[in-house]
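**Student:** Here is my input, please return the structure:
(2 chains)
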Protein chains: 2
Amino acid sequence: MNSAESYMTDIEAYITKLGAQARAASREISSASTADKNRALLATGDALNRSRAALMQANALDLGAGAEKGLEAALMDRLELTDARIDTMIEGLQQVASLDDPVGEISDLKYRPSGIQVGRMRVPLGVIGIIYESRPNVTVEAASLCLKSGNATILRGGSEALHSNQAIAACIIEGLQAAGLSKHIVQVLDRTDRDAVGKLITMPEYVDVIVPRGGKGLIERISNEAKVPVIKHLDGNCHLYIDDKADLEKSITVAINAKTQRYGTCCTLESLLVAEAIAADLLPALCDEYKSLKVELRGCEKTQAIVEGVTPATEEDYGTEYLAPIISIKIVAGLDEAISHINDYSSQHTDSIMTQDHNRAQRFLREVDSSSVMVNASTRFADGFEYGLGAEIGISTDKLHARGPVGLEGLTSQKFIVLGDGHIRQ
Amino acid sequence: MNSAESYMTDIEAYITKLGAQARAASREISSASTADKNRALLATGDALNRSRAALMQANALDLGAGAEKGLEAALMDRLELTDARIDTMIEGLQQVASLDDPVGEISDLKYRPSGIQVGRMRVPLGVIGIIYESRPNVTVEAASLCLKSGNATILRGGSEALHSNQAIAACIIEGLQAAGLSKHIVQVLDRTDRDAVGKLITMPEYVDVIVPRGGKGLIERISNEAKVPVIKHLDGNCHLYIDDKADLEKSITVAINAKTQRYGTCCTLESLLVAEAIAADLLPALCDEYKSLKVELRGCEKTQAIVEGVTPATEEDYGTEYLAPIISIKIVAGLDEAISHINDYSSQHTDSIMTQDHNRAQRFLREVDSSSVMVNASTRFADGFEYGLGAEIGISTDKLHARGPVGLEGLTSQKFIVLGDGHIRQ
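**Tutor:** Okay, the predicted model is just below:
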């Protein structure tokens, strides 16, 4: 065996061992009591609180290495652990502990003509692999949601955060052990080789689902190579359609909020559609506000004819998630063209309509095929906390299983249960 | 371009065209009215009824070719269309028309502290690819369930049934057109090249989910090669555990029914676990019944010591779906060993416990990780009709999305809807 082969054998053995340990631990956590799970979450918070010095020390190693490698400022900022950020992690753990436990919930239990009762029971998925980038707080967030929903987790963070993640992992293990639970319920990889990811996403015998959190490149690579299901979120090219039956004042407020409240989120507005009949009344005032907020305007020819300082929007613009102070604008004939444009260009994340017309609102809700569809509301509401899920592990733009923000319930599925009294099939 | 390349280009162009047509048609069917969908289903039934002669003629071509190829008798039987089988297809269409339409159902609509209302709406998955083997009636069953649940379908049947499937497809197109719907909502491949399947399962831009129906080999191949999600059912190695707190008489009745009511189904009992404390009381009588029904008994050493005529069960036996008059038997210490054995050997299809003890029943329901978990009932009940789903497109042993029998609801997912009145994110 040459050294490249021996390296791969070594990685495969390491990840396989983690997988087997996770599979065994998933049985334990799937039937753990709510009280034990909450105890582990709160004890992890206590451990983080007691370990501030160790966390800072580990983080300093990562920050030092990052500075040496010349990481850009935004990445260095995301990497940094501060007292305030440790407080936020501890609060997050307390908050997940306070959420209702979804596991074991029985619904729809009904008697059938045969005499059996048939219903559904909510159960964990099993083992969840999470692959994420530099922010070390994701380690705590992801681990806590998987733990509360009864799943075992294998976490693979970014190489820049290796020491920080290991220090956080030590606190999670303390938390698990304080509740008498196996330390294999949450396992954080202590090596960040790319090949380790390759193995992790191709062992369906040990991993039931992969949740990648990070840039589009990471997510695309994982989706292409995975042999287990992936809950993924690609991009957020979100639309707002302002109908000719809309309240114009509310429309301007929502359009400004959706674009400018935060530029960098996946539910930020990227493309505005306006009904032709009200374009001349609405767009000059709305675009003045955008201009005063330094938002660059790219529009169709009709938009350019109504508003000054609009550069031409290309086909590519309509398909782009800018994540920046830029917006594309298109004037459309009405609801039909708006729905058709959205279904063609949207990334199926979040799309909203402004209208006072009930039937048009209903049609938009029904016909726009996105994970969140809104009426008279800012796209910025597409978030697990705003939706009342308590917390989210990500936002899914997939169609199967979970669409939109994925909270505890999205980390579970339902099995059938049947209750009889010696019933047999005729 | 050589001829092999030109063949592949040709296949890819054909399947891509079908995919693009299906994607466009999926928008139309996703918002079609319940009345139109039902009209198409009933009109398809009428067309089948009027086309009996043409169906028989097409079927005769397939039967002739099958006889020439020397297809075995069981396959020839599955391939044959008779008047009674056409009646059954027509009744199936009427029955799917009578089911509630799941599409558009809104649930959990609640006001949030921000003032917005957040809820969920049930929506179709989009385009469903179905790959199946020789029985031509699957063409009607699968098409009708996908249509009612608002999905477009691409169906690829077996090469043995090509002419029959094309004749059935003509009736479906008549049905769609009678309701004013696009004929691309249901498309049946008119070529059955293996490479066509390869393309169909690797175009996520056009196909949202694949449902393979057939032997384990087909399903494994598709799962390995697919680049779109697969709703699959591998095998049904189903267990019955008879606890020492069980009613022995009911246990014998259920154990006999689960094994012998039908040998060839995926919810047939394959492996029996018996608590040591009652084994000597239960097994001789139960095994006498099995023997009188010509069921071959393979058991552990303890079983062999209690019952005559039991051959030794190997490790492989405990993992085998016999689909035949054979059963493996193992005596276990009690509930813990039973659950652990089932979670190790079961194919996570259907497993049942016989017990009068409430807490043990609850533990079994919670801890056995299978798509259907039963108490005091025959495993043979694991079926879409018995569960009240109306009909099923298959039984899923996956963990994500749908577990157990998959009916109309399993062919849909839920998106979030948000209703506001000009609400913005603070």
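**Student:** The longest strand seen in chain A: which residues count as buried?
**Tutor:** Here the longest strand in chain A is taken by residue count, with DSSP state E as the criterion, and it is strand A:412-423. By neighbour count, with 16 or more other Cβ atoms under 10 Å in any protein chain shown as the criterion, the buried positions of strand A:412-423 are A:412-420, A:422-423. To be clear about C-beta, it is placed using only N, CA and C from the backbone, and glycine gets the same treatment.
**Student:** A:Arg39 against A:Ala178, yeah?
**Tutor:** Yes - taking contacts as Cβ atoms under 8 Å, A:Arg39 lies within contact range of A:Ala178: 6.7 Å.
**Student:** out of the two, which sits in the more crowded spot?
**Tutor:** Neighbours around A:Arg39 and A:Ala178, counted as other Cβ atoms under 10 Å in any protein chain shown, are more numerous at A:Arg39. The numbers are 19 against 16.
**Student:** Contact partners for the more buried one?
**Tutor:** With Cβ atoms under 8 Å, 6 or more residues apart in numbering or on different chains as the criterion, the residues that contact A:Arg39 are A:178-179.
**Student:** what element comes up after whichever strand or helix holds it heading to the C-terminus?
**Tutor:** Using DSSP states H and E, A:Arg39 falls within helix A:34-50. Scanning forward in sequence from helix A:34-50 by DSSP H and E, the next helix or strand is helix A:52-69.
**Student:** contacts for the next helix-or-strand element following that following helix?
**Tutor:** Scanning forward in sequence from helix A:52-69 by DSSP H and E, the next helix or strand is helix A:73-79. With contact meaning Cβ under 8 Å, 6+ apart, helix A:73-79 is reached by A:59, A:62-63, A:66-67, A:71, A:134-136, A:160-161, A:164.
**Student:** export the residues you listed to CSV and tack on pLDDT, distance to chain B and neighbour count?
**Tutor:** Supplementary listing: those in CSV, determined by pLDDT from 0 to 100; distance: Cβ to the nearest Cβ, whole Å; neighbours: other Cβ atoms under 10 Å in any protein chain shown:
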residue, pLDDT, distance to chain B, neighbour count
A:Asn59, 97, 31, 23
A:Asp62, 96, 33, 26
A:Leu63, 96, 32, 20
A:Gly66, 95, 32, 18
A:Ala67, 95, 35, 10
A:Leu71, 91, 31, 18
A:Ser134, 73, 26, 23
A:Arg135, 86, 22, 22
A:Pro136, 91, 27, 28
A:Glu160, 93, 31, 23
A:Ala161, 95, 28, 28
A:Ser164, 97, 30, 28
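**Student:** Tell me how many other residues surround the residue lying closest to A:Ile29 once chain neighbours are set aside.
**Tutor:** Closest residue to A:Ile29 in three dimensions, ignoring its sequence neighbours and counting by Cβ to Cβ, 6 or more residues apart in numbering or on different chains: A:Ile185, at 4.8 Å. With neighbours defined by other Cβ under 10 Å, the count for A:Ile185 comes to 29.
**Student:** so A:Ile185 sits right up against A:Ala152, yeah?
**Tutor:** Yes - here A:Ile185 lies in contact with A:Ala152, judged by Cβ under 8 Å, at a distance of 5.1 Å.
**Student:** Now do the shared contacts for the two.
**Tutor:** By Cβ under 8 Å, 6+ apart, A:Ile185 and A:Ala152 have these common neighbours: A:25-26, A:29.
**Student:** Filter the residues you listed down to the buried ones, PyMOL style.
**Tutor:** To isolate the buried subset of the shared contacts of A:Ile185 and A:Ala152 in PyMOL, counting by 16+ other Cβ under 10 Å, use the following:
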select buried, chain A and resi 25+26+29
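**Student:** Could you tell me which residues make contact with A:Gly180?
**Tutor:** When contacts are counted by Cβ under 8 Å, 6+ apart, A:Gly180 touches A:Asp36.
**Student:** for it, helix, strand, or coil?
**Tutor:** What DSSP: H, G, I helix; E, B strand; the rest coil gives for A:Gly180 is coil.
**Student:** Quick check: phi and psi on it?
**Tutor:** A:Gly180 adopts backbone torsions of phi 70, psi 20, taken as degrees, to the nearest 10.
**Student:** can you pull the pLDDT of the residue in the stretch 151-300 of chain A positioned nearest to chain B?
**Tutor:** Taking Cβ to the nearest Cβ as the measure, the stretch 151-300 of chain A has A:Lys250 as its residue closest to chain B, at 3.1 Å. In the predicted model, A:Lys250 carries a pLDDT score of 98.
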